[in-house]
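**Student:** below: sequence and its predicted model.
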Amino acid sequence: MAQLLYRLGRWSFQRKWWVLSTWVLIFAILGGVAGFFHKPFTSQFSISNTPSIEATHMLMEKFPEINNPVTAASVTMVFKAPEGEKLTDSANREAMDKTVSFLQDKLDGQFTDTVRFGDPVEVNEKLTGQIHQLYGRYGLPDASAEKDAETVRTLSSDETIGFTSFTLDAGESPVVSTDQRKIINEAMDLGRSAGLQVEAGGQGFGAPIEIEPMSEIIGLGVAFLVLLFTFGSLVASGLPLLTAIIGVGIGVLSIVFTTHFVDLNNVTPTLAVMIGLAVGIDYSLFVLSRYRAERQHRSNAEAAGVAVGTAGSAVVFAGITVIVALAALSVAGIGFLSAMGLLAALTVFITVLVTLTFTPALLGVVGDKVFSGRVPFLAHNQRKGKRRISRPTLGSHWVRFVHKIPGTAIAIVLVALGTLSLPIQRLEMALPNDTTSEIGTTQRQAADLLTEGFGAGINAPLLMVIDAKDANPHAPALAPYMSAQEAKAKAENQPFDEEQAARFSSFLYTVDSLDSMFTIKNAQLSGVNNDSTAAQILITPNTGPADPATMKISHTIRDRQEEIEQATGVKLGTTGLTAVQLDITEELSKAMPIYLGIVVGLAIILLLIIFRSLLIPVVAGLGFLLSVGAAFGTTVLFWQEGLWGLVPTPAPLVSFIPIFLIGVTFGLAMDYQVFLVTRMREQWIESHGVASGESRYNAVEESIIFGFTRAARVVTAAAIIMIAVFVAFIGQPLPFIKVFGFALAAGVLFDAFFIRMTLVPASMFLLGRATWWMPRWLDRILPHFDVEGSSLEKFLADKTHETSAKKR
C-alpha cells in the first residue's frame with residue numbers, strides 16, 4: 001500500500017493543476033446540485049419497529065382522520081395572568097381573544113386540529129362540560145367525570161394559567177414554516193403588550209434550526225495558531241486548513257443533496273463539519289510534517305510521494321478506523337442514527353481522499369515556498385539542504401521522564417481517569433423537548449408554565465390505542481361492564497348488541513385498569529372511532545418527559561397492557577411523542593454495549609494487523625475504555641448535574657450522545673495510536689531489535705523514546721487542534737452539538753495526553769521486548785500492510801541503486 005500511495009502522492013504533486021481543478025469542479029457541481037435539490041432538515045428523531053411506532057400505525061389505521069401525533073406540527077400557546085389577576089378577568093380575556101383571533105385570521109385554512117383552539121377559558125368550559133355530559137349519558141360515576149374533566153382542562157384551578165393548542169399544516173415538515181412562526185410570534189406580542197405573559201412551545205414550534213458560523217471560524221483560527229507554532233510558517237500553516245475546508249465542504253454538500261431522498265436530522269451536517277474539520281486538518285498536518293522531514297534529502301516531488309506513502313498510509317488506516325466506527329452505528333438498527341453515522345463517515349472518507357491528493361497538489365503549487373513566511377521565535381524551519389541540529393524537545397523530555405517512573409505514571413492515569421468515570425453511574429438520557437430547552441427560551445418557559453399550572457405530566461402525555469374488534473364478550477374481566485350495559489338496555493327497552501357491548505366494556509375496563517395505577521395521574525377515554533371498534537385513551541403521568549420515572553411508568557403501562565390484552569382479547573398499543581422518545585432512548589441504551597464491543601474488538605484486530613503485536617492492541621483498547629469513561633463522567637458532571645454552575649441549563653444528556661461519543665472517540669483515539677506507535681515501530685524495524693549503542697537504552701526503549709520524540713510534536717499539535725475545533729462548537733445553539741462538542745474535547749484531551757502520551761509508552765517500557773511480540777502462527781494468518789513504509793524504503797533504495805548503475 002505504501003508504494004501505491006507513494007505513486008499517488010508523486011503523481012498529484014506533478015499533476016497539481018489537474019488535481020486541484022478536479023476537486024474544485026466537484027465542489028462547484030455539488031454546490032449547484034445541492035442548492036437545487038435540497039429539502040429542509042428536521043428536528044425530529046424517528047425510529048422504526050418499536051412498540052410505539054407500531055402503535056402509531058394502528059392509531060392511523062383506526063383513526064385516519066386525525067393527525068399523526070408523532071409528526072404533527074403541533075403548537076401550544078400558554079398564557080399567564082399578571083400578578084394578583086386571573087385570566088377570567090375581562091381585560092385578560094379580551095387580550096387572549098385578540099391573540100387567538102389574530103392567529104385564526106392570519107392562519108386561516110392552515111389549521112388541521114382545533115379541538116383545544118380558542119380562548120382557554122371558553123375552551124375549558126366546553127371540554128369539561130362535554131366530559132360531564134358524556135359520563136352522565138353512560139351512567140358513569142360523577143367522581144370519574146370530575147377527575148377526567150380535570151385532565152382535559154385548559155385553565156388552571158386558580159385560573160391564572162391557561163393554554164390553547166392547535167396543529168398546523170406544515171407541508172412535509174414536522175415544524176411550522178418561517179411565515180407561520182412569524183405570525184405566532186406576532187400573536188404572542190399582542191398578548192404581551194396587554195400585560196400577559198405569553199409563551200409558545202410544542203413539537204412544531206421548537207427553537208429555530210440555526211448554525212452558528214463562528215464555531216467554524218474560531219476552530220479554524222485556533223488551528224491556524226497551532227499550525228503556526230508547529231511549522232513556524234504562514235504558508236505551511238494555511239495548507240492543512242485549505243485542505244480541510246475543501247474536504248468538509250464537499251462532504252456537507254453531499255449531505256445537503258441527500259435530503260432530497262432521505263429525511264435528515266438537523267444535527268447531521270453540523271456533526272459532519274465537526275468531525276470532518278478536525279480530522280481533515282490533522283491528516284493534512286501529518287502528511288505535511290512528514291514532507292518537511294523528507295525534503296531535507298529528497299527532491300520536492302520525491303518528498304511528496306514519500307510523505308503520502310508513509311504518513312499517508314497511517315492516514316488511510318486512521319481514516320478507516322473513524323469511518324468504520326461511524327458506519328458501525330448502523331448496527332443499532334436506528335434509522336436517524338444510521339444516517340448520521342454513514343454521512344459523517346462519508347465526509348471523513350472524502351477528507352481522506354482530499355488529504356492524499358489535494359495536499360501534495362498544493363505542495364506542488366507552492367514548491368520551495370511551502371515554508372516561506374517564517375515567523376520569528378516560533379518553530380525553526382531550516383532551509384532545504386542545511387543540516388538540522390538535533391535539539392531536545394518537550395516530547396523527548398516527557399518520554400524520558402515516563403521511562404523513569406512507568407509504574408507510577410500508569411497508576412496516576414488509572415486513578416485520575418477512573419475517578420472521573422464514576423459519575424457514569426448517574427447517567428440520565430432523554431431526547432430534546434421543551435422541558436430541556438435552554439432556560440429563557442419561550443419553549444422552556446411555556447413548558448415551565450404548563451408544569452406550574454397543570455403538573456409535570458401535561459408535558460409527557462401518552463396515548464393508548466385500543467383495537468377492540470375481537471373483544472371477548474365472555475371474558476370474566478368484562479362481565480360487570482357487560483351486565484351493566486345489558487341491564488340499561490332492558491330498562492330502556494333497547495336491543496342488546498353483545499359484540500358492541502364487549503367493545504365498549506373493554507374500553508371502560510382498560511381505563512379503570514390504568515387509572516388504578518398509582519404511578520399515573522389519570523387515564524381517560526378521549527375518543528372512539530366511527531364504527532366503535534377502536535378507542536383512544538389519554539394517559540397523563542405524574543412526571544415530565546425527561547424524568548427517569550417516566551421511563552419506568554412506560555414499562556409499567558406496557559406490563560399492564562399485556563395483562564389487559566390477555567383478559568379481554570383486545571389489542572393495545574401506546575404511542576405519542578413521549579412514548580416514541582422513550583423507545584428511542586431505550587433502544588439506544590440497549591445498543592450501546594453491543595456497539596462498544598464492536599468498536600473495541602475492531603480496534604484490537606486493526607492494531608494487530610498494523611503493529612504485529614499482541615499486547616499493544618490490548619493496552620490501546622483498555623486505554624480507550626478509560627478515556628471514553630472519563631469523558632462520559634466529566635460530561636455528566638457539568639452538563640447533567642451542573643457542576644460549579646458553568647452550564648446554564650443542566651439536563652439529561654441527549655440519548656444518542658453516549659453511543660456517538662463512543663464511536664467518534666474510538667476513531668480519534670486510534671488516530672493517535674496509529675500515528676504515535678507507527679513511528680516507534682519504524683524505529684524498531686530499522687534497528688532489527690538491536691540497540692544502537694549510542695545511548696544507555698536497550699533496543700525496545702530506543703524504539704519507544706526515539707519514535708515518541710519524532711511523533712510527539714505533531715500528535716500534540718493535532719490533539720490541540722481537535723480540542724479547539726470541538727470546544728468551539730459549544731457555542732452552537734443546538735443542545736446536542738453543545739454537549740457533544742464538550743464531550744469530544746474531553747475525550748480527545750484524556751485520550752491524547754493521558755492514554756497515548758503517558759499510559760501507552762509507560763506500559764511499553766514495562767512490557768519490554770514483549771511489546772513487539774506476536775505468535776508466529778498469528779503473524780502468518782494476518783494480512784500484511786506496510787504502514788511504516790519499510791517496503792517503500794527498499795523500493796526507493798533499489799530505484800536509487802539502479803539509477804546510479806545506469807549512470808556508471
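**Tutor:** That came in fine, so what should we check first?
**Student:** rest of the way, CA atoms for contacts and neighbours
**Tutor:** Noted.
**Student:** need the phi and psi values for residue 571.
**Tutor:** With angles defined as degrees, to the nearest 10, residue 571 sits at phi -120, psi 130.
**Student:** and for the one 4 residues further on?
**Tutor:** As for residue 575, its main-chain torsions (degrees, to the nearest 10) stand at phi -130, psi -160.
**Student:** how near is it to residue 466?
**Tutor:** Here the distance between residue 575 and residue 466 works out to 11 Å (C-alpha to C-alpha, to the nearest Å).
**Student:** cool, and residue 272?
**Tutor:** In terms of C-alpha to C-alpha, residue 272 sits 42 Å off from residue 466.
**Student:** tell me if residue 573 really is in a helix.
**Tutor:** No - going by DSSP: H, G, I helix; E, B strand; the rest coil, the assignment for residue 573 is strand, not a helix.
**Student:** and it, what does it touch?
**Tutor:** Neighbouring residues of residue 573 by C-alpha atoms under 8 Å, 6 or more residues apart in numbering: 51, 52, 54, 55, 56, 58, 464, 465, 466, 561.
**Student:** could you measure from the nearest residue to residue 432 once chain neighbours are set aside over to residue 625?
**Tutor:** Closest residue to residue 432 apart from its sequence neighbours, by C-alpha to C-alpha, 6 or more residues apart in numbering: residue 654 at 6.5 Å. From residue 654 across to residue 625, the span is 21 Å (C-alpha to C-alpha).
**Student:** what about the nearest residue in space to residue 460 that is not next to it in sequence, which SS state?
**Tutor:** Take residue 460 and drop its neighbours on the chain: the residue closest to it by C-alpha to C-alpha, 6+ apart is residue 545, 4.8 Å away. Classification of residue 545 by three-state DSSP places it in coil.
**Student:** does residue 545 really touch residue 578, like I thought?
**Tutor:** Yes - the criterion here is C-alpha atoms under 8 Å, and residue 545 meets it with residue 578 at 6.3 Å.
**Student:** identify the contacts common to those two.
**Tutor:** Common neighbours of residue 545 and residue 578 (C-alpha under 8 Å, 6+ apart) are residue 460.
**Student:** so which elements touch the helix or strand encompassing residue 669?
**Tutor:** Mapping residue 669 onto the secondary structure by DSSP states H and E places it in helix 657-687. Judged by 3 or more C-alpha pairs under 8 Å, 6 or more residues apart in numbering; DSSP states H and E, helix 657-687 is in contact with helix 300-327, helix 577-611, helix 615-635, helix 699-728, helix 735-749.
**Student:** hey, least reliable of the ones you listed by pLDDT?
**Tutor:** Between the helices and strands packed on helix 657-687, the one with the least mean pLDDT is helix 577-611; it has a mean of 81.
**Student:** buried set for that one?
**Tutor:** Under the neighbour-count criterion of 16 or more other C-alpha atoms under 10 Å, helix 577-611 has 577-585, 587-589, 591-592, 595-596, 598-600, 602-604, 606-611 buried.
**Student:** ok, stretch 251-261 next?
**Tutor:** In stretch 251-261, counting by 16+ other C-alpha under 10 Å, buried: 251, 252, 253, 254, 255, 256, 257, 258, 259.
**Student:** now, those residues that are in helices?
**Tutor:** 251, 252, 253, 254, 255, 256, 257, 258 (DSSP state H).
**Student:** check contacts around the fifth one.
**Tutor:** Each residue near residue 255 by C-alpha under 8 Å, 6+ apart is listed here: 268, 269, 343.
**Student:** closest one to residue 372 out of these, please.
**Tutor:** Proximity to residue 372 was ranked across the contacts of residue 255 by C-alpha to C-alpha; first place goes to residue 269, at 35.1 Å.
**Student:** need the contact list for residue 428.
**Tutor:** Shown in contact with residue 428 (C-alpha under 8 Å, 6+ apart): 548, 640, 652, 653.
**Student:** ok, residue 339 next?
**Tutor:** 264, 330.
**Student:** spell out the secondary structure type for it.
**Tutor:** What three-state DSSP gives for residue 339 is helix.
**Student:** what segments of the stretch 101-250 of the chain are strands?
**Tutor:** Using DSSP state E, counting those that start in this stretch, the strands of the stretch 101-250 of the chain run over 111-113, 161-168, 197-201.
**Student:** just checking, what packs against the second one?
**Tutor:** Yep, that's strand 161-168 we're talking about. On a contact count with 3+ C-alpha pairs under 8 Å, 6+ apart, strand 161-168 meets strand 73-80, strand 111-113, helix 120-137, helix 442-454.
**Student:** one more time with 6 Å
**Tutor:** Applying 3 or more C-alpha pairs under 6 Å, 6 or more residues apart in numbering; DSSP states H and E, we find strand 161-168 packed against strand 73-80, strand 111-113, helix 120-137.
**Student:** try the shortest one
**Tutor:** Using 3+ C-alpha pairs under 6 Å, 6+ apart as the contact criterion, the secondary-structure elements in contact with strand 111-113 are strand 161-168.
**Student:** alpha carbons of the strand it packs on, as PDB, please.
**Tutor:** Only the C-alpha atoms of strand 161-168 are listed here, as PDB (Å, rounded to 0.1, in the frame of the first residue of the first chain):
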ATOM      1  CA  ILE A 161     -52.600  30.000  33.700                       C
ATOM      2  CA  GLY A 162     -54.300  28.700  30.500                       C
ATOM      3  CA  PHE A 163     -53.300  27.400  27.200                       C
ATOM      4  CA  THR A 164     -54.600  26.900  23.700                       C
ATOM      5  CA  SER A 165     -53.200  24.300  21.300                       C
ATOM      6  CA  PHE A 166     -53.500  23.700  17.600                       C
ATOM      7  CA  THR A 167     -51.900  21.800  14.800                       C
ATOM      8  CA  LEU A 168     -50.800  23.500  11.600                       C
END
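**Student:** do you know how far residue 697 is from residue 682?
**Tutor:** Applying C-alpha to C-alpha to residue 697 and residue 682 gives a distance of 17 Å.
**Student:** comparing these two, which shows the higher neighbour count?
**Tutor:** Legend: neighbour count by other C-alpha atoms under 10 Å for residue 697 and residue 682, higher for residue 682 (19 against 13).
**Student:** which SS state does residue 785 fall under?
**Tutor:** Under three-state DSSP, residue 785 falls in the coil class.
**Student:** then residue 523?
**Tutor:** Classification of residue 523 by three-state DSSP places it in strand.
**Student:** domain assignment for this protein?
**Tutor:** Following automatic domain parsing, the chain resolves into domains at 1-37+217-389, 68-209, 403-445+594-774, 462-575.
**Student:** end to end, how far does the shortest one reach?
**Tutor:** In this case it means domain 462-575. From its first residue to its last, domain 462-575 covers 6 Å (C-alpha to C-alpha).
**Student:** likewise for the longest one?
**Tutor:** For domain 403-445+594-774, the first-to-last residue distance is 23 Å (C-alpha to C-alpha).
**Student:** distance of the residue nearest to residue 460 from residue 145?
**Tutor:** Residue 545 is 26 Å from residue 145, by C-alpha to C-alpha.
**Student:** okay, the two: which has more neighbours?
**Tutor:** Legend: neighbour count by other C-alpha under 10 Å for residue 545 and residue 145, higher for residue 545 (28 against 20).
**Student:** verify the stated contact: that one with residue 462.
**Tutor:** No - in this structure, residue 545 is not within contact of residue 462 by C-alpha atoms under 6 Å, at 10.0 Å.
**Student:** extract the CA atoms of stretch 593-605 and return them as CSV.
**Tutor:** Provided in CSV are the C-alpha atoms of stretch 593-605 (Å, rounded to 0.1, in the frame of the first residue of the first chain):
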residue,chain,number,x,y,z
PRO,A,593,-22.9,-2.4,25.0
ILE,A,594,-23.1,-4.2,21.6
TYR,A,595,-21.6,-1.2,19.8
LEU,A,596,-18.9,-0.8,22.4
GLY,A,597,-17.9,-4.4,22.0
ILE,A,598,-17.8,-4.0,18.2
VAL,A,599,-15.5,-0.9,18.3
VAL,A,600,-13.1,-2.3,20.9
GLY,A,601,-12.9,-5.6,19.0
LEU,A,602,-12.3,-3.7,15.8
ALA,A,603,-9.5,-1.7,17.5
ILE,A,604,-7.8,-4.9,18.6
ILE,A,605,-8.0,-6.5,15.1
